[in-house]
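Engineer: compute the structure for the input listed below.
(2 chains)
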Amino acid sequence: MGPIGENEFFFLMQGLRWTVLLAIVGFIGGGIFGILIALLRTSKTKVARTITAGYISVFQGTPLLMQLFVVYYGVALLGFEVNAWIAVAIAFTLHASAFLGEIWRGSIEAVPKGQTEAANALGLHYVSRMKDVILPQALKISMPATIGFLVQLIKGTSLAAIVGFIELTRAGYIISNQTYRPLLVFGIVGAIYFIICWPLSYAGSGLEKRMAKAAR
Amino acid sequence: MTYTFDFGAVLDRAPELLWGSLGTLGLALAGMLLALVIGILGVVARTSKSEITRTLVIVFVEVVRNTPFLVQIFFIYFALPLMGIRLNPTVTAIIALGINGGAYAIEIIRGGVESVSRGQIEAGFALGLHKADVFRLIVLKPALRAIYPSLTSQFIMLTLTTSVCTSIAAYELTSAAQRIESDTFRSFEVYFTVTATYLVISTLMMGLFALISRHYFNYPTR
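Structural biologist: Reported below is the predicted structural model:
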């Protein structure tokens, strides 16, 4: 058995950096495409609605791990010389865009119909109606679910470990193999995830309770 | 781009994929049952008179829900042997799935139990129903109906999560895929086929859950 010293801890922190970076890239990328998906999903064009509905159910009906594998090897087949980091980031972006798209579709539909009618009556065109009237309200409604998904995404980045990407969980696995102290190492790794995720979960459920009270 | 797809190499191994799928279904089913048991026990413990028990349940739920399943399964995989318990990877995976799903089930079931109003229970007793009937007809069935959508979507998630169990070499579809990949080097074809298989599995499960719901919960509420 080896000790868990400064070096090991530093290695874990380096892994943590990738975990945080992956989650941020996935969340921002997924957010940008997610809005697009949500708008197409609620558009008047039937083709757009059907395609986005299919996109969402494929990503919600298959394991994230498989999505990682398919994108990881698929990107290589397309002939792009990309490193593992870009491939994994693309996979998380696609994954997040489907889930956020579905969450935001729900919140757009949850905005009272009168708001759309009022915007139309005021002569606002589509862009202004969405940007100034519907989306700000939808965003507020979606906050608890959006935060909930962010937590899921942060936990999901751990699966990049199975594709060989050295983020926090993989770093923990390597240290555990070196020191033969799996319980201590995975205990620390779990605690780090908890410290990041729990405040987010807490804020999300607090928001949900407050909004439920306000709605009553 | 000179790559030619060769799905034949993957389809040659179809029997293995089929056995893997059955392994996945088995893991999912056993995991769901364990999750339900943990969920129900947890809700009962959550209403216990002892503050320590109640706090322990809350801590359990929060820890499980705020850490990745992969870390949990590694922890359990290494912890059990240290406690002198030697199990094969598949049983270890079921325990991990049950613990993970159980934490979510506790929160879902608790919401359902809280949704049954006191007045209805009192009305049941006033009508002269037995305690067992009050529980079965007035508490259990409406509560089940209330939690059914979230519980079943949690079960679908659990089924998809079984793919992570490949990390401890449990017997299921993803580990079958990894074996075929290392033999054929047809990575994309293998994972594409297996992803489609998962989509079929989860779609069938969703259909089955919807069918059960239509059959069992088809009664007017007001």
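Engineer: which residue is the nearest non-sequential neighbour of B:L173?
Structural biologist: B:G20 (3.9 Å; C-beta to C-beta, 6 or more residues apart in numbering or on different chains). To be clear about C-beta, it is placed using only N, CA and C from the backbone, and glycine gets the same treatment.
Engineer: touching, the one you found and B:E172? I think so.
Structural biologist: Yes - taking C-beta atoms under 8 Å as the definition, B:G20 is a contact partner of B:E172 at 5.9 Å.
Engineer: stretch A:199-207 and chain B in contact?
Structural biologist: Yes - judged by C-beta under 8 Å from any C-beta of the partner chain, stretch A:199-207 comes into contact with chain B at A:S201.
Engineer: in that stretch, what's buried?
Structural biologist: With burial defined by 16 or more other C-beta atoms under 10 Å in any protein chain shown, the residues of stretch A:199-207 counted as buried are A:201, A:204.
Engineer: what number of residues lie near B:L211?
Structural biologist: Counted with other C-beta atoms under 10 Å in any protein chain shown, residues neighbouring B:L211 total 10.
Engineer: same check, this time on A:T62
Structural biologist: Neighbourhood size, A:T62 [other C-beta under 10 Å]: 23.
Engineer: in three-state terms, label it for me.
Structural biologist: The three-state assignment at A:T62 reads coil, by DSSP: H, G, I helix; E, B strand; the rest coil.
Engineer: which pLDDT value belongs to it?
Structural biologist: Note for A:T62: predicted pLDDT of 97.
Engineer: all helices of chain B, in order?
Structural biologist: For chain B, applying DSSP state H gives helices covering B:8-11, B:14-46, B:51-65, B:69-82, B:89-115, B:118-126, B:131-133, B:141-161, B:173-184, B:187-216.
Engineer: helices or strands up against the longest one?
Structural biologist: Put plainly, it is helix B:14-46. Counting contacts by 3 or more C-beta pairs under 8 Å, 6 or more residues apart in numbering or on different chains; DSSP states H and E, helix B:14-46 is packed against helix B:51-65, helix B:89-115, helix B:141-161, helix B:173-184, helix B:187-216.
Engineer: and the helix or strand bottoming out on mean pLDDT in chain B, what does it pack onto?
Structural biologist: Least confident helix or strand, chain B: helix B:8-11 with a mean of 83, by mean pLDDT, DSSP states H and E. Packing partners of helix B:8-11 (3+ C-beta pairs under 8 Å, 6+ apart): helix B:173-184, helix B:187-216.
Engineer: list the buried residues for it?
Structural biologist: Using 16+ other C-beta under 10 Å as the test for burial, helix B:8-11 gives B:V10.
Engineer: cool, and stretch A:156-172?
Structural biologist: Neighbour counts over stretch A:156-172 (16+ other C-beta under 10 Å) mark A:156-163, A:165-172 as buried.
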